[in-house]
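Engineer: Compute the structure for the input listed below.
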Amino acid sequence: MAGIPIEIDVREVIDLLKEKSNPTYFDGMRRYGINTSNALGIRIPELRKLAREIKKNHPLSLELWETGIHEARILASMIDVPTEVTQLQMDQWVAGFDSWDLCDQVCGNLLVRTPYVIEKALEYSASEKEFVKRAGFVLMAELPVHHKKIPDQQLINFLPVIEREAWDERNFVKKALNWALRQIGKQNKTLNHAAIDAAKRIAQQDSKSARWIANDALAEITKRFTE
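Structural biologist: Sure thing, here's the model as predicted:
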């Protein structure tokens, strides 16, 4: 997209987004349980292409977020600068999550790269709000992917939190809990053993959600480092 000006403003970006709206994809979003009330229907690869053309731009990312448009908010997470994100911004954006894909994209594109990721993952994991809580566990799942040198102990410290919250029956929460448990268990043998032990304890909880989280994770991570 060679025609993007260096000083592009938020209105011009929204016009570009509207041009990429795809009714067929919009219908597909709804089938996957995505909240489309403020969506245009744009594929993620199209948003990533646009983000590469715009380049990093913290002020523009804030303006895009304020539009409330689903894809504009995802794009905002792609062009924002992690080191310029404040804790207040992080809290405000997480509080604005209204769909599982927005939560996952913003966490994976941006929030996991901020200096506050560990403390915020722990904080959000205790929230009563569904997508805020999901964000906490998505950050736990994304951390070992984006921070290859993170000490094992920091990831092990998440396991008691996963155990504590495994009772939560809400679909978008329990899937994030399971994701975090699996990701931790796939990193190395030390973390694998710790995650397996945690999963076995979770499986003993008197909760349908906990048993699903544990058994689904065990089916994957017990095969990870077999001799």
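Engineer: from here on, contacts and neighbour counts on C-alpha atoms
Structural biologist: Noted.
Engineer: Which parts of this protein are strands?
Structural biologist: For the chain, applying DSSP state E gives no strands.
Engineer: Show me which helix runs longest in it.
Structural biologist: Criterion DSSP state H: the longest helix present in the chain is helix 130-146.
Engineer: Quick check: the nearest residue to residue 183 once chain neighbours are set aside vs residue 178, distance?
Structural biologist: In space, and not counting its chain neighbours, residue 183 is closest to residue 141: 5.5 Å by Cα to Cα, 6 or more residues apart in numbering. Applying Cα to Cα, to the nearest Å, the value for residue 141 to residue 178 is 9 Å.
Engineer: Kindly report the same for residue 91.
Structural biologist: Applying Cα to Cα, the value for residue 91 to residue 178 is 23 Å.
Engineer: more neighbours, those two?
Structural biologist: More crowded of residue 91 and residue 178, by other Cα atoms under 10 Å: residue 178, with 25 against 13.
Engineer: List the contacts of the more buried one.
Structural biologist: For residue 178, the contacting residues are 213-214, 216-217, by Cα atoms under 8 Å, 6 or more residues apart in numbering.
Engineer: need the contact list for the most centrally placed residue in the chain.
Structural biologist: Nearest to the mean C-alpha position of the chain, counting by Cα atoms, centre = their mean, stands residue 104 at 2.6 Å. Neighbouring residues of residue 104 by Cα under 8 Å, 6+ apart: 135, 138.
Engineer: go on, residue 25?
Structural biologist: Contact analysis of residue 25 by Cα under 8 Å, 6+ apart lists 41-43.
Engineer: Could you do residue 159 as well?
Structural biologist: By Cα under 8 Å, 6+ apart, the contact list for residue 159 reads 181, 195, 198.
Engineer: Buried subset of the contacts of residue 25, written for PyMOL?
Structural biologist: Only the buried entries of the contacts of residue 25 go into this PyMOL selection, using 16 or more other Cα atoms under 10 Å:
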select buried, resi 41+42
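Engineer: just the contacts of residue 25 now: which is nearest residue 189?
Structural biologist: Using Cα to Cα, residue 43 comes nearest to residue 189 of the contacts of residue 25, at 36.8 Å.
Engineer: With that, I have no additional questions.
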